[in-house]
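Trainee: Mind looking at a prediction? Sequence and model below.
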Amino acid sequence: MDDELKQVIQKLSCSKAKSLLLHMMYRLKTIKESNDSQEEMIEKLYFSQDRILGVLKNENHFEREYETVHIVCGESAAGSLKVGLEGENKVIGFPDFFAVGSIWELHKEVGRNRRYEWLRDHLIYPDDFIEEEYERRFKNTLSEIDAIPSQVPIVIWTAENANEQTGVCYLFYLLKEKINQIYLINTTIAYQELFNTNEYQYFYLHTGEVVPEKLNAIYQKKLSKPLTVQERTQFEKEWLSLSDSKGVVRIWENNKIKTVNEDHFDEMIVTTAQQLYSKQKEKDFMKSGRIIGEVLGLLDNNVGDAFIEYRLRSLIYKGVFDIKGIPKGMRYYSVKLR
């Protein structure tokens, strides 16, 4: 371990080493000035050590010098930004979907473990995906964010949906000790203002829906001033409020994140199934994917097909639907209302 760290540190450039040292001193100062108990302070020190080691081991994330770092929720949106942005821009896509699943104390290891557990126990993923692929990408992204040099401006992208709005609060909390200038772009609002969407009668709710060229145009023309300390603090407070809840479903309603019950969409699932069955000449089993796809098309709040599939399984367990097949994935079984 010591030899490995020595090799990594020796490869650091002067600017990277200064940035890391400043980050470490700032974090130690914050811990020292907190009102935490001695046990809590020691826990934070160990956590900081782990995060700093992660940065060192992943310092290759910033081998090149970047003018700006962009962070967005979702790897699809990140892909669009990578294609659309010009110049020396680094794009980090947070590999998660924050509209569903536990976010209780997600800024702590105990909270991340709780989220992994909830996803593993409720949503269908390939074998060992949560423990191996998802968890690895999540931790790597945290390290990648930690490794952002202090002199590089950061642009956070969000939009009018629960996933990205929850994610932006989480990101500001993760960045609370960073001294970088941070900018915020709301893709939905910026697109409307820049391209006059009334002409096209379309309302972009997700950053990933916008084509790369227009994301670049938004960045070039709609970047405002960096957020003030007070504005950043407000996002951090909102995150602490959100992460205090043990709810697992969030929707975007009246320009606010709202936590709702797990069964919030159950009635819509049943109603949609009834409408589809009414079009059948003979009542028969219907592929679960057909119902799930229809429900997603009707939703203003995207919670993902995996979550709707989970709720359909829950309705099967409750006796609302009969099932034919094995529910190991939506394409493997069919359902029929009782």
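Mentor: Arrived safely, thanks for sending.

Trainee: For this structure, just list every one of the helices.
Mentor: Listed in chain order, the helices of the chain (DSSP state H) span residues 2-11, 14-33, 38-57, 75-84, 109-122, 135-146, 162-174, 187-195, 212-222, 229-242, 266-277, 288-298, 305-317.

Trainee: nearest to residue 336, of those helices?
Mentor: Shortest separation from residue 336 across these is recorded for helix 266-277, at 7.7 Å, computed as C-beta to C-beta. Yep, even glycine has a C-beta here, placed from its N, CA and C like the rest.

Trainee: Does anything pack onto that closest one? Which helices or strands?
Mentor: strand 286-287, helix 288-298, helix 305-317, strand 333-337 (3 or more C-beta pairs under 8 Å, 6 or more residues apart in numbering; DSSP states H and E).

Trainee: In space, what's closest to residue 118 - neighbours in sequence excluded?
Mentor: Take residue 118 and drop its neighbours on the chain: the residue closest to it by C-beta to C-beta, 6 or more residues apart in numbering is residue 102, 4.4 Å away.

Trainee: Which residues are in contact with the one you found?
Mentor: For residue 102, the contacting residues are 111, 114-115, 117-118, 246, 248, by C-beta atoms under 8 Å, 6 or more residues apart in numbering.

Trainee: Not counting sequence-adjacent ones, nearest residue to residue 103?
Mentor: Taking C-beta to C-beta, 6+ apart as the measure, residue 103 lies nearest to residue 243, with 5.5 Å between them; neighbours along the chain are not counted.

Trainee: so that neighbour makes contact with residue 110?
Mentor: No: here residue 243 does not reach residue 110: they are 11.3 Å apart, not a contact under C-beta atoms under 8 Å.

Trainee: So for the two, which sits in the more crowded spot?
Mentor: In terms of neighbours (other C-beta atoms under 10 Å), residue 243 is the more surrounded of residue 243 and residue 110; the figures are 20 against 10.

Trainee: now the more buried one: how far from residue 257?
Mentor: Here the criterion is C-beta to C-beta, to the nearest Å. By it, residue 243 lies 12 Å from residue 257.

Trainee: quick one: common contacting residues for those two?
Mentor: Overlap of the contact sets of residue 243 and residue 257 (by C-beta under 8 Å, 6+ apart) is empty.

Trainee: re the thing from before, just put the helices and strands packed on helix 266-277 in JSON lines and tack on mean neighbour count, mean pLDDT and distance to residue 39.
Mentor: Below are the helices and strands packed on helix 266-277 laid out as JSON lines (neighbours: other C-beta atoms under 10 Å; pLDDT from 0 to 100; distance: least, C-beta to C-beta, whole Å):
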{"stretch": "strand 286-287", "mean neighbour count": "18", "mean pLDDT": "94", "distance to residue 39": "54"}
{"stretch": "helix 288-298", "mean neighbour count": "17", "mean pLDDT": "94", "distance to residue 39": "46"}
{"stretch": "helix 305-317", "mean neighbour count": "19", "mean pLDDT": "96", "distance to residue 39": "37"}
{"stretch": "strand 333-337", "mean neighbour count": "19", "mean pLDDT": "95", "distance to residue 39": "49"}
